[in-house]
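Novice: sequence and predicted structure below; questions after.
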Amino acid sequence: MELPDKATCHRALQTRDPRFDGLMFVGIKSTGIYCRTICPARTAKYENCTFFPSAAAAHEAGYRPCLRCRPETAPESASWRGTSNTVSRALALIADGALDGKNKTVEALAERLGVGERQLRRLFLQHLGASPIAVAQTRRILFAKHLIHETQMPMAEVALAAGFSSLRRFNELFQKLFHRPPSTLRRKSSASRPVAEAGITLRLCYRPPYDWQSMLSFLQARAIPGVEVIEKETYRRTVEVDGSVGSIAVAHLPQKNSLSVTIIFPSVKSLPAIVARVRRLFDIGADIETIDAHLSHDPQLAPWVALRPGLRAPGGWDGFELAVRAILGQQISVVAARKLAGQLVALHGKPLLKSPSIPAGLTHTFPTAKRIATAKSLGLGMPAARLASLKALAQAAADDPNLFRPLGTTEEAIARLRTIPGIGDWTAQYIALRALREMDAFPASDIGLLRGAAKVDGTPATPTSLLTRAESWRPWRAYAAQHLWAANANEVFPSERAHA
């Protein structure tokens, strides 16, 4: 990302402009600390400030994170920027642990992305001001700092959760970076912070506005019985990672521009992966003001965007699960697809042991690809062609662990999905939008989009005409799709609602 000129950056710092929070960080030469633009500390002099496009760049330049504004809690923004699709995909893979471990190298990451190692390093330096390794290391350090501040986890578990090979290495790095042991950071946090009855609770910040009600409504309409429950403004679901099972609960904290995530899971090593999935599912990293402003240039769509400021594009918890949902939803209603998904879970999902820590209504985890691929009969009342598609999808996912990873271009991802029998353009586009987080994916033949477009424009739409219409919405057609789906579900036009 190319930063504005230094004078503009310093004005943003002086005014503590929240629009720049997470988009840039400032290193203070006189203190050796780097801060967010909204830091409450006294504004540093112009000549003492150096501005960076990422926390990793500031860290690599030798600055340490501020203890007041806590850079680890800044809204993530690099993955939506669109300045480089390769960098965005690489960041998603790094968040999933692509560089965590002895055999996980930048060369292997570049190969998965279809680029050379030197090119990947160059793109990272160009857009983030830091190397892939520096980004991964900074992510681990800031995640550990986040856990220290917001949980009561023992330091050994914090080190393990953040991906450090040993507690000794963890302590040495923190001593070097903060000039104090990690335990002192916890003592500086609130001593009165409540402890969750079970699991750990973290706050994940987003860039406002955030249409929480629309997000909950979207997820509730598609909630799989036994796997997902939405009650009292909270989303809960079962979680399975590497054979271990647990649950999450996600609630909204509007006054703090964040989501509260409570994770109950036996392995602390899985915490980063679970948090990354929550971020994707709830589309936390979007710079929604920029996206809404872009879509509002369309005079017909603008009133609908104004009706729902902060409308996000929900992701999928798991790529295979989302793809199964898409196939189950072919040519039937959302309600019918949800019922079929519940039957599939009851027949093939992993039952949870009864426990006081597992919320009522959560009974199974979603079946794995291997489980579906090896099942003799799925036991679902569906057309034979769609049952065959499910089996083909499961076999493809079992054979290729990277099937639902963000590799290559949007077009390449869709072409790869369409090689699976029974997956046409609509299904592939939908999977790309929600599972692969391709923010320019657009299932133009979707009946809900066509009805929404007709409502927005006042004239009937066809897939061809809608694709032409959507050209002006690039590179965020997925968000336009979300507004069209919302328009289709809304019985009142924006102009009518204003006078209702």
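Specialist: Thanks, I have the structure now.
Novice: break this protein into its domains for me.
Specialist: 6-54, 78-188 (automatic domain parsing).
Novice: any idea how far apart the tips of the shortest one sit?
Specialist: The distance separating the two terminal residues of domain 6-54, taken as Cα to Cα, to the nearest Å, comes to 15 Å.
Novice: helix or strand next in line after the top strand by length along the chain, which one?
Specialist: Ordering each strand of the chain by length in residues (DSSP state E) puts strand 244-253 first. Next along the chain after strand 244-253, taking DSSP states H and E as the criterion, comes strand 258-264.
Novice: pairing partners for that next one, with directions?
Specialist: strand 200-205 (antiparallel), strand 244-253 (antiparallel) (DSSP bridges).
Novice: in this structure, which helix or strand is least confident?
Specialist: The helix or strand of the chain with the lowest confidence, counting by mean pLDDT, DSSP states H and E, is helix 494-497 at a mean of 36.
Novice: contacts for the longest strand of the chain next, please.
Specialist: With contact meaning Cβ atoms under 8 Å, 6 or more residues apart in numbering, strand 244-253 is reached by 199, 203, 210, 212, 233-239, 259-267, 270, 274, 278, 282, 350, 352, 357-359, 362, 365. Where C-beta positions appear, they are placed from N, C-alpha and C, glycine not excepted.
Novice: I'd say Ser166 and Leu160 touch.
Specialist: No. Applying Cβ atoms under 8 Å as the test, Ser166 and Leu160 come out as separate, 9.2 Å apart.
Novice: who's more crowded, those two?
Specialist: Neighbours around Ser166 and Leu160, counted as other Cβ atoms under 10 Å, are more numerous at Leu160. The numbers are 20 against 11.
Novice: the stretch 51-200 of the chain: strands as residue ranges?
Specialist: Chain-ordered strands for the stretch 51-200 of the chain, with DSSP state E, counting those that start in this stretch as the definition, fall at 64-65, 200-205.
Novice: of those strands, flag the one that's most buried.
Specialist: Of those, the one with the most neighbours on average (mean count of other Cβ atoms under 10 Å) is strand 64-65, at a mean of 22.
Novice: where does pLDDT dip in the chain?
Specialist: Residue ranges of the chain with pLDDT under 70: 1, 77-84, 187-198, 490-500.
Novice: centroid residue for it?
Specialist: Among the residues of the chain, the one closest to the centroid is Arg280, at 1.7 Å (Cα atoms, centre = their mean).
Novice: give the contact list for that residue.
Specialist: Counting by Cβ under 8 Å, 6+ apart, Arg280 has contacts Ala92, Gly315, Gly316, Arg437.
Novice: farthest-apart pair in those, please.
Specialist: Longest distance between any two of the contacts of Arg280 is 12.9 Å, between Ala92 and Gly316; criterion Cβ to Cβ.
Novice: follow-up on the earlier one: quick one: which of the strands of the stretch 51-200 of the chain is nearest Ser445?
Specialist: Comparing these by Cβ to Cβ, strand 200-205 comes nearest, at 34.3 Å.
Novice: and the helix ranked longest in the chain, which residues are buried?
Specialist: Longest helix in the chain, counting residues (DSSP state H): helix 132-150. When neighbours are counted by 16 or more other Cβ atoms under 10 Å, the buried residues of helix 132-150 are found to be 132-150.
Novice: how far off strand 200-205 does it point, in degrees?
Specialist: 120 degrees (axes from the mean of the first three to the mean of the last three Cα atoms, to 10 degrees).
Novice: could you check how far helix 132-150 is from the centre of its chain?
Specialist: Centroid displacement of helix 132-150 relative to its chain, using Cα atoms, centre = their mean, to the nearest Å, is 17 Å.
Novice: got the CA coordinates for it in CSV?
Specialist: Listed next in CSV are the C-alpha coordinates belonging to helix 132-150 (Å, rounded to 0.1, in the frame of the first residue of the first chain):
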residue,chain,number,x,y,z
PRO,A,132,6.7,-12.5,4.4
ILE,A,133,8.7,-13.9,7.3
ALA,A,134,8.6,-10.5,9.1
VAL,A,135,4.8,-10.4,8.7
ALA,A,136,4.5,-13.9,10.1
GLN,A,137,6.7,-13.2,13.1
THR,A,138,5.0,-9.9,13.9
ARG,A,139,1.6,-11.7,13.7
ARG,A,140,2.8,-14.2,16.3
ILE,A,141,4.2,-11.6,18.6
LEU,A,142,1.1,-9.4,18.4
PHE,A,143,-1.2,-12.4,18.9
ALA,A,144,0.8,-13.4,22.0
LYS,A,145,0.5,-9.8,23.3
HIS,A,146,-3.2,-9.9,22.7
LEU,A,147,-3.5,-13.1,24.7
ILE,A,148,-1.4,-11.7,27.6
HIS,A,149,-3.6,-8.5,27.8
GLU,A,150,-7.0,-10.1,27.4
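Novice: okay, the strands of the stretch 51-200 of the chain in a markdown table with distance to Cys39 next?
Specialist: Shown next, in a markdown table, are these (distance: least, Cβ to Cβ, whole Å):
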| stretch | distance to Cys39 |
| --- | --- |
| strand 64-65 | 11 |
| strand 200-205 | 14 |
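Novice: Phe52 is nearest to which of the ones you listed?
Specialist: Nearest of the strands of the stretch 51-200 of the chain (Cβ to Cβ): strand 64-65, 12.2 Å.
Novice: any idea how far the closest one is from the chain center?
Specialist: Using Cα atoms, centre = their mean, the offset of strand 64-65 from its chain centre is 25 Å.
Novice: ok, that strand: who's next to it in the sheet?
Specialist: Partners of strand 64-65 in the sheet, by DSSP bridges, are strand 33-35 (parallel).
Novice: can you tell me the element Ala306 falls in?
Specialist: Going by DSSP H and E, Ala306 is in helix 302-307.
Novice: state the next helix or strand along the chain beyond that helix.
Specialist: The C-terminal neighbour of helix 302-307 among helices and strands, as given by DSSP H and E, is helix 319-328.
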